[in-house]
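Undergrad: Requesting a structural model of the entry that follows:
(one chain, ligands or ions: 1)
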Amino acid sequence: MSNMFANRMANTHKSFIREILKVTADRKVISFAGGLPNPQFFAVQEVADAAAKVLAEDGENVLQYSTTEGYLPLREYIAERYSEKKGLEVDPDEILITNGSQQGLDLIAKVFLNAGDRVIIERPGYLGAIQALSIFEPRFIPVPLQQDGIDTGLLKDALDLNEVKLFHTVVNFQNPSGITYSREKRLELAEILKRYETILVEDDPYGELRFAGEDLPSLSSYLPGNVILLGSFSKVIAPGLRLGWICAPEDMMEKITVAKQASDLHSNYLSQRIVYQYLCDNGIGEHIVKIRKAYGRQRDAMISSIEKHFPEEVEFTRPEGGMFIWVTLPEGASALRLFDLAGGEDVVFVPGSAFYVDDGGTNTLRLNFSNSNEYEIEEGIKRLAKVMKKLLAPDK
Ligand SMILES: Cc1ncc(COP(=O)(O)O)c(C=O)c1O
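TA: Predicted coordinates:
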């Protein structure tokens, strides 16, 4: 049957990253490819204790079906943390628990997008968002990122020329570029968006992972009513629990809840109860401080290795948090070719073109520093530098 699949699958592609992860899983390679948290910091015993406790104390309930919105005490905890950390006053009814923030993207796309609707994404943009949204056949408008956030001039042009339904952004330690929107850029962006009906999706799985500089306000503090916030426990507790959330105004939440019901009834209730118990018994602050310090050290190690080994003409970002450094090779150099050469040295990364919906980024790449120790970072960067030199000056 030539047309067995729905049209919507035609432009939705396999994630290049998940393919790399499959290849590298059982080989002795140094991988800067995945966006994986460092498993050394998973609180395995504390999660085991929390699981044992909820099963012993409330086993029959925690194994039962539950509400679509999610466990209320967990939603209250999230609302309280928004208030404490960001000064955002959010009602727990404006929070819906999801299977990671990735499901948040899927539900938002389902609720808001008709085929052909315009969606602004950052250039480069988060691959998982490109994938989740692509299924609903939007027309992407990629708007370039600068060192301090999106290019607001080009953003304004895009908004003036098109009726834009959604704008997906990662303002803190962006995946893949590692950049953070400055305070001025956030204010400017909010001023622009006030004039349009475009819904801003502020995807923030990394916000708590700041190891340098000062915390900056969420865009939803400037644009109440027009922002959907996505959060996640993946980077602060563990991604295998698959828990995240959507924080949206109540009128939007009604529809999002219907979409969630249709999709999976509710997120894993046992997982929600374990996370809540874990949070009650351990808090979150200390653990976050530990991860931040470790990732800060890993970032420093990667930057000093890069400074030591990479050819001078290669540029890179210096993230203040999160998990990624973005590298730009000189114009015309191919990161895909570099990827092939690096494979021969048992080191992998993600070629930047995976994060573009157009043909851009061929001379860029993403490096993850959170999932390698300092020895692997130094060794991996050294190997990468060796093949970079081969690529950039093949005759030497
Ligand atoms: C920007 C961004 N959004 C969403 C996600 C999805 O995370 P999760 O579904 O684990 O919460 C990721 C994961 O890497 C991400 O980088």
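Undergrad: Contacts for stretch 37-49, please.
TA: 234-235, 237-239, 241, 274, 278, 281-282, 287, 290-291, 294-295, 298, 323, 370-371 (CB atoms under 8 Å, 6 or more residues apart in numbering). Placement of C-beta: from N, CA and C, glycine included.
Undergrad: That one close to the ligand?
TA: No - Stretch 37-49 lies out of reach of the ligand by CB under 6 Å from any ligand atom, never closer than 9.3 Å.
Undergrad: repeat for stretch 123-138
TA: Yes - judged by CB under 6 Å from any ligand atom, stretch 123-138 comes into contact with the ligand at Y126, G128.
Undergrad: and I108, what does it touch?
TA: By CB under 8 Å, 6+ apart, the neighbours of I108 are L166, V201, I228, I246, I256.
Undergrad: can you pull the contacts of the last one?
TA: Spelled out, that is I256. L96, L107, I108, V111, I246, A248.
Undergrad: How about the fourth one?
TA: Residues near I246 by CB under 8 Å, 6+ apart: I95, L96, T98, S101, G104, L107, I108, I228, L229, L230, M253, I256.
Undergrad: any idea which of these is the one closest to the ligand?
TA: S101 (3.7 Å; CB to the nearest ligand atom).
Undergrad: In this structure the closest one contacts S234, no?
TA: Yes - applying CB atoms under 8 Å, one finds S101 in contact with S234, separated by 7.5 Å.
Undergrad: Spatially, and excluding backbone neighbours, which residue is closest to I97.
TA: G70 (2.6 Å; CB to CB, 6 or more residues apart in numbering).
Undergrad: In PyMOL, select just the buried ones from the contacts of stretch 37-49.
TA: A single PyMOL command suffices to select whichever of those are buried according to 16 or more other CB atoms under 10 Å:
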select buried, resi 234+235+237+238+239+241+274+278+282+287+291+294+295+298+323+370+371
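Undergrad: Make a markdown table from the contacts of I108 and add pLDDT to it.
TA: Shown next, in a markdown table, are the contacts of I108 (pLDDT from 0 to 100):
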| residue | pLDDT |
| --- | --- |
| L166 | 98 |
| V201 | 98 |
| I228 | 97 |
| I246 | 98 |
| I256 | 98 |
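Undergrad: Let's have those residues in a markdown table, adding secondary structure and distance to Y222.
TA: What follows is these, written out as a markdown table (DSSP: H, G, I helix; E, B strand; the rest coil; distance: CB to CB, whole Å):
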| residue | secondary structure | distance to Y222 |
| --- | --- | --- |
| L166 | strand | 18 |
| V201 | strand | 15 |
| I228 | strand | 14 |
| I246 | strand | 19 |
| I256 | helix | 22 |
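Undergrad: Residue numbers of the stretch 101-250 of the chain in contact with the ligand?
TA: Checking the stretch 101-250 of the chain against the ligand by CB under 6 Å from any ligand atom, the hits are S101, Q102, Y126, G128, V170, N175, D203, P205, S232, S234, P239, G244.
Undergrad: Among the residues you listed, which are located in strands?
TA: D203, S232, G244 (DSSP state E).
Undergrad: between those residues, which has the most around it?
TA: Highest neighbour count within these: D203, with 29 neighbours (other CB atoms under 10 Å).
Undergrad: Surely it touches G125?
TA: No - the criterion here is CB under 8 Å, and D203 misses it with G125 at 10.0 Å.
Undergrad: and for the two, which residues touch both?
TA: Counting by CB under 8 Å, 6+ apart, the residues touching both D203 and G125 are H168.
Undergrad: Okay, helices next: where are they in the stretch 151-300 of the chain?
TA: 152-161, 183-193, 250-264, 269-282, 285-309 (DSSP state H, counting those that start in this stretch).
Undergrad: Let me know the angle separating the first one from helix 183-193.
TA: When you say that, I think you mean helix 152-161. Here the directions of helix 152-161 and helix 183-193 differ by 10 degrees (axes from the mean of the first three to the mean of the last three CA atoms, to 10 degrees).
Undergrad: What of the third one?
TA: Between the axes of helix 250-264 and helix 183-193, defined by the same axes, to 10 degrees, the angle is 90 degrees.
Undergrad: what sits against the closest residue in space to Y196 that isn't next to it in sequence?
TA: Once flanking residues are discounted, Y196 sits nearest to L159: 5.2 Å by CB to CB, 6+ apart. Residues in contact with L159 (CB under 8 Å, 6+ apart) are I120, I192, R195, Y196, T198.
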